[in-house]
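> My questions are about this predicted structure, shown below with the sequence.
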Amino acid sequence: MLRRILVANRGEIALRIIRACRELNIETIAVYSEADRESLHTKWADRAVCIGPAASQRSYLNAQNILAAAITHGADAVHPGYGYLSESPLFAEMCEAHNLVFIGPSAEHIELLGDKARAKATMREAGVPVVPGSRGSIRDETELVRIAEEVGYPVMIKASAGGGGKGMRLARDRGELLKGYDTARAEAAAAFNNDAIYLEKFVEAPRHIEIQLFGDNFGNIVHFGERECSLQRRHQKLIEESPSAVVDDRLRAEMGRVAVLGAAAVNYRNAGTMEFLLDASGNFYFMEMNTRIQVEHPVTEMVYGIDLIKEQIRVASGEFLGYDQTDISPMGHAIECRINAEAVQVNSRPSPGLIRKLFVPGGYGIRWDSHVYQGYTIPPFYDSMFAKLIAWGADRDEAIERMKRALDELTVEGIDTSIPFHRVMIRDAQFREAQFSTDFLERWLNQTELSNKE
């Protein structure tokens, strides 16, 4: 087992990893920017090292400073969490070059699957169904128009190295296609330093379903079912569930089989998530594979009774999984609400600042993942999510009722938050009936007035 792990991240995921390490009797080194000096993850780690100013480029994305901290303080491994350097093949290679275990897949896997166009081609060859579109990055406008006309409008332009909605444009005709091509390339270049884009058929009103995968270093790969991630705003998820209300046992088994097939084709190891679009007819199509732990991993943990962070560490330490697919079965239902420092409204923006009052709900089946506390000031430099509230129930109805109760107890004063949105959404008839798709939330927000009063 690993002895000392540097956690190359911040906020709730850093604290989540530190807690798992404590239970495994592994020492931890936290890193922090000058803006995060008072974050809980710096207080609960065995050591904490400042790696730079508030700006992410000079701190959490500063690979040299992070590696220097790891080497100086005697780490034998680095856990990147999600975001930042978690999907950087160069960082994974740098860790390996300095004899540090990178807790995640190999640099080769990150590079291959991080290129959305190459990943799609690889999965197609492995027998995984993919959305019709270009087989690789688009070279020029002539190829762009030809492929769009072949697959039929509407089409989606996507950044090959992208994520989070950056470099993504919908085109319903040739004019929108050519305009979107230039805009998407410029946005992709600015966000990822890579202007390559690819094209795929736009699936109308799909659901976003993802499969949690796990592989060890000995070729064993399993899945832990699916997560429902369709409730999104600006391509960012706000509520996630496991299992999905529209995925039955047969479909779950088939999606899981296909996901494992795709992961096995590249001999994948450690945690990964294969994301699919599911249409109204039950057809599913590969979108991308995330080569890291996901923000929404707690719902899978609650339903399948397994600590995915501990599994990451065990596998990175060279251990066998120790179980196969027949040992894995879901129990109950879990829902996660992302608590953001932002009112979820049509034109709202993040609301960092001082948390004057905080009351966290408890009780059976409730989990709170966060690095904040009463009197903590949320800095303006990072993603607005500062907590995740998770509710488990014996079935979806009980999970919803438990989440309602927990949201009503949850109190955060001093900043705008997503709590009022969640309180309304969890009571919404369409949500309760699971009648939604990836375009539902944007339309819902345009039709619903929300008060941000506590």
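Sure thing, it's come through.
> what domains does the record give for this structure?
Structural domains assigned to the chain are 4-103, 132-201, 207-447, following automatic domain parsing.
> Which of the ones you listed comes out lowest on mean pLDDT?
Lowest mean pLDDT of the domains of the chain: domain 132-201, a mean of 90.
> can you tell me the distance between the two ends of that domain?
Counting by CA to CA, to the nearest Å, you get 6 Å between the two ends of domain 132-201.
> From V299, how far out is E401?
According to CB to CB, to the nearest Å, E401 and V299 sit 16 Å apart. (C-beta placed from N, C-alpha, C; glycine too.)
> Mind checking which of the two has more residues around it?
V299 (29 against 13; other CB atoms under 10 Å).
> what's near enough to touch the nearest residue to H371 once chain neighbours are set aside?
Closest residue to H371 apart from its sequence neighbours, by CB to CB, 6 or more residues apart in numbering: L40 at 4.3 Å. Contacts of L40 were listed using CB atoms under 8 Å, 6 or more residues apart in numbering, and they are L15, S370, H371, V372, Y373, Y376.
> do you know how far L40 is from A126?
42 Å.
> re earlier: can you say which of the contacts of L40 are buried?
Buried residues within the contacts of L40, counting neighbours by 16 or more other CB atoms under 10 Å: L15, S370, H371, V372, Y376.
> Next step: the residues you listed restricted to helices.
Under the assignment DSSP state H, these contribute L15 to helices.
> Out of the buried ones among the contacts of L40, which comes closest to I293?
Nearest to I293 out of the buried ones among the contacts of L40 is L15 (CB to CB; 13.6 Å).
> With adjacent residues omitted, what lies nearest to that closest one?
Looking at L15 with CB to CB, 6+ apart, the closest residue is H41, at 4.4 Å.
> which residues touch that neighbour?
V7, R10, G11, A14, L15, I18, A30, Y32, H371 are the contacts of H41 under CB under 8 Å, 6+ apart.
> Just those: which are in strands?
Taking DSSP state E as the definition of strands, these contribute V7, A30, Y32.
> Could you check how far the first one is from T377?
Separation of V7 from T377 (CB to CB): 21 Å.
> what does the second one give?
As defined by CB to CB, A30 lies at a distance of 18 Å from T377.
> and what of the last one?
Spatial separation of Y32 from T377 under the definition CB to CB is 14 Å.
> So V7 and T377 - more neighbours on which side?
Applying other CB under 10 Å to V7 and T377 shows that V7 carries more neighbours, namely 28 against 14.
> I'd assumed Y32 was in contact with the more buried one.
No. Counting by CB atoms under 8 Å, V7 stays clear of Y32, with 10.0 Å between them.
> At which residues are the strands of the stretch 301-450 of the chain located?
For the stretch 301-450 of the chain, the strands defined by DSSP state E, counting those that start in this stretch cover 333-340, 353-354, 357-359, 366-370, 377-378, 385-393, 411-413.
> Show me the strands paired with the first one, marking each as parallel or antiparallel.
This points to strand 333-340. Sheet pairing of strand 333-340 (DSSP bridges) gives strand 236-242 (antiparallel), strand 385-393 (antiparallel).
> right, and the helix or strand after the first one?
Moving toward the C-terminus from strand 236-242, the first helix or strand encountered (DSSP states H and E) is helix 249-265.
> Could you pull out the buried residues of that next one?
L251, R252, M255, G256, V258, A259, V260, G262, A263.
> repeat for stretch 122-142
So stretch 122-142, judged by 16+ other CB under 10 Å, has buried residues T122, M123, A126, V128, V130, V131, G133, S134, S137, I138.
> From the chain's centroid, how far away is that stretch?
23 Å (CA atoms, centre = their mean, to the nearest Å).
> Stretch 365-383 too?
The answer for stretch 365-383 is 18 Å, by CA atoms, centre = their mean.
> and the end-to-end length of that stretch?
Where stretch 365-383 begins and where it ends lie 27 Å apart, using CA to CA.
> And for the chain, the residue most distant from the center?
T142 (34.5 Å; CA atoms, centre = their mean).
> does it sit in a helix, a strand or a coil?
At T142 the chain is in helix, as set by DSSP: H, G, I helix; E, B strand; the rest coil.
> Quick one: residues contacting it.
T142 touches nothing, counting by CB under 8 Å, 6+ apart.
> how about TSV for the buried residues of helix 249-265, with distance to G272 added?
Converted to TSV, the buried residues of helix 249-265 look like this (distance: CB to CB, whole Å):
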residue	distance to G272
L251	20
R252	18
M255	14
G256	13
V258	14
A259	9
V260	11
G262	10
A263	6
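> Next, the buried residues of stretch 383-394.
For stretch 383-394, by 16+ other CB under 10 Å, it's D383, S384, M385, F386, A387, K388, L389, I390, A391, W392, G393.
> now do stretch 174-183
Buried positions in stretch 174-183, judged by neighbour count with 16+ other CB under 10 Å: E176, L177, G180, Y181.
> show me where the stretch 101-250 of the chain has strands.
Using DSSP E, counting those that start in this stretch, strands in the stretch 101-250 of the chain cover 101-102, 155-159, 169-171, 197-201, 207-215, 221-233, 236-242.
> Would you mind telling me which of these is nearest E336?
Once the strands of the stretch 101-250 of the chain are compared by CB to CB, strand 236-242 is nearest, at 4.7 Å.
> any idea how far A259 is from the residue nearest to A121 when sequence neighbours are not counted?
Computed as CB to CB, 6+ apart, the closest residue to A121 that is not its neighbour in sequence is R135, at 5.5 Å. Distance, R135 to A259, by CB to CB: 21 Å.
> again with E38
40 Å.
> didn't R118 look like it was pressed against E108?
No. Taking contacts as CB under 8 Å, R118 lies outside contact range of E108: 11.6 Å.
> Could you check which of these two is surrounded by more residues?
For the pair R118 and E108, the greater number of neighbours falls to R118 (18 against 13), based on other CB under 10 Å.
> ok, the more buried one - contacts?
Counting by CB under 8 Å, 6+ apart, R118 has contacts L112, G136, S160.
> among these, which are in helices?
Those of those mapping onto helices are L112, per DSSP H.
> now the contacts of R118 in JSON lines, with distance to I309?
Output for the contacts of R118, formatted as JSON lines (distance: CB to CB, whole Å):
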{"residue": "L112", "distance to I309": "24"}
{"residue": "G136", "distance to I309": "35"}
{"residue": "S160", "distance to I309": "30"}
